[in-house]
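> pasting the sequence and the predicted coordinates here, then a few questions.
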Amino acid sequence: MEVGNGRSTRFWEDNWLQGGPLKVVFPRLFSISDQQGSMIGDCGFWDGLEWIWNFQWRRELFQWELELVNQFHEQLRHVKLSAGRDDKVVWKFDSKGVFSTKSVMHVLQMESLSDEITSYSFTSAWRRELFQWELELVHQLHEWLRPVKLSDGKEDTLVWKFDSKGIFSTKSVLQVLQSETLSDEITSYSFTSSVWRGMVPPRIELFGWFVLIGRVNTKERLSRLGVIRLNDTLCVLCKREIESVEHLFLLCEFTWQVWCRWLRTFGEVWSMPGTIRELFERWTGRHKRKQEQKKWLPGFFAVIWNIWVERNARIFQNQETVVDCVLRKTLLSYNEWTESVSLGG
């Protein structure tokens, strides 16, 4: 099955993913799903050009079931729906997707030959007898191991799978991020080349990147993915609005006070933009000279990073500070990054 808009393929029951129907791969989740019999297109919604999965369960999930949900989302991560294309049945053993007797015979011959030449069975030893729900995990483990083919005459080697020669490079990482994470619409924005300039540590660049494309795990995003409850989405900084990317990093009253005080530190005057992306594009276009950009651009990353740190401190450590404290930490980050000779760590 080749999925287009997901309107004629059943999410749980049809065989549209490698490994078999999802009700077989994740029987526990299927048993508590409130969307049995639903089409793929009814298990999510379009957020602009991005497809968002939205699953409904009959009850609150147990802790060990959340681990299954994580594996479940990981399996769906690379699924790309196409709103303008219908689902269609294809024969996966033919390059054109067309069934033929010849292709069936070819598959049977290859399967038989593979079994004779590469017959190898995995054996597992466990410290204790497994619980029923653990047997389901073992089933998934064996499903993932099924395509593995060992070669007795060849040693293991470490390769970087995103390069044709198997060699790691920063360039290949950037290409993977752009191709796997982003749509053509997103990569067309001018901020794409403005983020990766080595002016702040790589992990801060990556964080800023995810903020700009809306992939940071805010409460609003986590609720859409079914990770947290819908009634637990309130921003911990202002305690008034839903914690979305735009709200947390721009529109929140607490955050905007940080932005305003930071800009006053540089003697700048600013009007509030509509989105964080618009703010960044204005920010990068403020100064054209390279030397001025080296002083100006790290400020953007310093603010959003310390807003995120403050947000996490309130959620996970129950520690709360005021705007002036966040501003001081922002300044410390800025000074550290702009004075560093090398930002490789």
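Sure, I can see it.

> pLDDT at the residue nearest the centre of the chain, what is it?
Central residue of the chain (C-alpha atoms, centre = their mean): Arg215, 6.5 Å from the mean position. Looking at Arg215, its pLDDT reads 86.

> cool, Ser95 as well?
Listed pLDDT for Ser95 reads 60.

> what do you get for Asn54?
At Asn54, pLDDT is 90.

> separation between the residue nearest to the centre of the chain and Leu206?
Separation of Arg215 from Leu206 (C-beta to C-beta, to the nearest Å): 10 Å. No exception for glycine: its C-beta is placed from N, CA and C like everyone else's.

> Phe131 too?
38 Å.

> of those two, who's got more company?
Leu206 (14 against 10; other C-beta atoms under 10 Å).

> following the one helix or strand the more buried one maps to, which helix or strand comes up?
In the assignment (DSSP states H and E), Leu206 maps to helix 202-212. Using DSSP H and E, the helix or strand that follows helix 202-212 in sequence is helix 219-224.

> by contact count, what packs against the helix holding Leu206?
helix 191-195, helix 276-286, helix 290-316 (3 or more C-beta pairs under 8 Å, 6 or more residues apart in numbering; DSSP states H and E).

> tell me the angle the last one makes with helix 202-212.
For the pair helix 290-316 and helix 202-212, the angle between their directions (axes from the mean of the first three to the mean of the last three C-alpha atoms, to 10 degrees) equals 80 degrees.

> which of the residues in helix 290-316 are buried?
293, 296-308, 310-311, 314 (16 or more other C-beta atoms under 10 Å).

> and for stretch 135-153?
In stretch 135-153, counting by 16+ other C-beta under 10 Å, buried: Glu136, Leu137, Gln140.

> so which of those residues are in strands?
The members of the buried residues of stretch 135-153 all map outside strands under DSSP state E.

> I'd like these laid out as JSON lines, including pLDDT and distance to Ala83.
Converted to JSON lines, those look like this (pLDDT from 0 to 100; distance: C-beta to C-beta, whole Å):
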{"residue": "Glu136", "pLDDT": "75", "distance to Ala83": "34"}
{"residue": "Leu137", "pLDDT": "81", "distance to Ala83": "35"}
{"residue": "Gln140", "pLDDT": "81", "distance to Ala83": "31"}
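
> make TSV from those residues and add distance to Ser151 to it.
Formatted as TSV, the entries for the buried residues of stretch 135-153 read as follows, by distance: C-beta to C-beta, whole Å:
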residue	distance to Ser151
Glu136	31
Leu137	28
Gln140	25
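
> out of those residues, which are inside helices?
With helices taken from DSSP state H, the overlap with these comprises Glu136, Leu137, Gln140.

> excluding sequence neighbours, find me the nearest residue to the first one.
Across the structure, with C-beta to C-beta, 6 or more residues apart in numbering as the measure, the residue nearest Glu136 apart from its sequence neighbours is Arg28 (5.5 Å).

> quick check, that neighbour in a strand?
No: applying DSSP: H, G, I helix; E, B strand; the rest coil, one finds Arg28 to be helix, outside a strand.

> distance check, it against Arg264.
Counting by C-beta to C-beta, the gap from Arg28 to Arg264 is 55 Å.

> any stretches of the stretch 201-345 of the chain with poor pLDDT?
286-293, 340-345 (pLDDT under 70).

> let's see 50
341-345 (pLDDT under 50).

> in contact with Pro298, which residues?
Met199, Val200, Tyr334, Trp337, Thr338 (C-beta atoms under 8 Å, 6 or more residues apart in numbering).

> how many neighbours does Lys239 have?
So Lys239, with other C-beta under 10 Å, has 11 neighbours.

> again, but for Phe249
By the criterion of other C-beta under 10 Å, Phe249 has 25 neighbours.

> so it, which state does it fall into?
Look at Phe249: counting by three-state DSSP, its state is helix.

> that one reaches Leu212, doesn't it?
No: applying C-beta atoms under 8 Å as the test, Phe249 and Leu212 come out as separate, 9.5 Å apart.

> please enumerate the shared neighbours of these two.
Ile276.

> how's the chain carved up into domains?
1-89+120-155, 157-184, 189-339 (automatic domain parsing).

> chain center to the longest one: distance?
So the one you mean is domain 189-339. 19 Å (C-alpha atoms, centre = their mean, to the nearest Å).

> next one: stretch 59-68
Stretch 59-68 has its C-alpha centroid displaced from the chain centroid by 20 Å (C-alpha atoms, centre = their mean).
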